[in-house]
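[1] Give me a 3D structure for the following:
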Amino acid sequence: EVQVVESGGGLVQAGGSLRLSCSASGFTFSDLAIHWFRQAPGKEREDVSCISARHGLKIYADSVKGRFTISSDDADNTVYLHMNSLKPEDTAVYYCVAEKYYCSSYGPYYWGQGTQVTVSS
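    Presented below is the predicted three-dimensional model:
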């Protein structure tokens, strides 16, 4: 069974940076697509970014393009989300989510426990 564990959230001032990490196991890492979803109170869940190293694919939501960068380290089975120029509206619980083979909106998804990111103004 695919398992994912994320870490790296915290409190940061607007304009600052954070890096989230996601470790995945239980499946061939290079065959996984890894998403970062976020959920803020009162807002819809948003698929912020997705990476499929096998397909050379990186996808970003318009809300984070140019500010967030997703990367993958296959040697460590880890995906990173580098978040720069953070805004208060980026405040949310961020979830690492694995999907087999492709970045899609269909799943099935394998969810991490979530990590809180809070951006103060």
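[2] Do you have the strands of this structure handy? List them.
    Under the criterion DSSP state E, the chain contains strands at 3-7, 10-13, 18-25, 32-39, 46-52, 57-60, 68-73, 78-83, 92-100, 109-111, 115-120.
[3] wait, what's in contact with the residue nearest the centre of the chain?
    Taking CA atoms, centre = their mean, the centroid of the chain lies closest to Trp36, which sits 2.4 Å from it. Listed by CB atoms under 8 Å, 6 or more residues apart in numbering, the contact set of Trp36 reads Leu20, Cys22, Asp47, Val48, Ser49, Cys50, Ile70, Leu81, Tyr94, Tyr95, Cys96, Val97. The C-beta positions use only the backbone N, C-alpha and C, and glycine is treated the same way.
[4] Neighbours of the last one, how many?
    In this case it means Val97. 21 (other CB atoms under 10 Å).
[5] How much space separates it from Ile51?
    Look at Val97 and Ile51: by CB to CB, to the nearest Å, they are 11 Å apart.
[6] Between those two, which contacts overlap?
    Ile34.
[7] that older thread, is the residue nearest to the centre of the chain bridged to anything, and to what?
    With DSSP bridges as the criterion, Trp36 is bridged to Ser49, Cys96.
[8] how much space is there between it and Val5?
    Note on Trp36: its distance to Val5, by CB to CB, is 13 Å.
[9] which neighbours do those two share?
    What both Trp36 and Val5 touch, as defined by CB under 8 Å, 6+ apart, is the set Cys22, Cys96.
[10] hmm, back to that, which of the contacts of Trp36 lies closest to Asp62?
    Closest to Asp62 out of these is Val48 (10.4 Å), distances taken as CB to CB.
[11] mind checking pLDDT for the closest residue to that closest one other than its chain neighbours?
    Closest residue to Val48 apart from its sequence neighbours, by CB to CB, 6 or more residues apart in numbering: Trp36 at 4.6 Å. As predicted, Trp36 sits at a pLDDT of 98.
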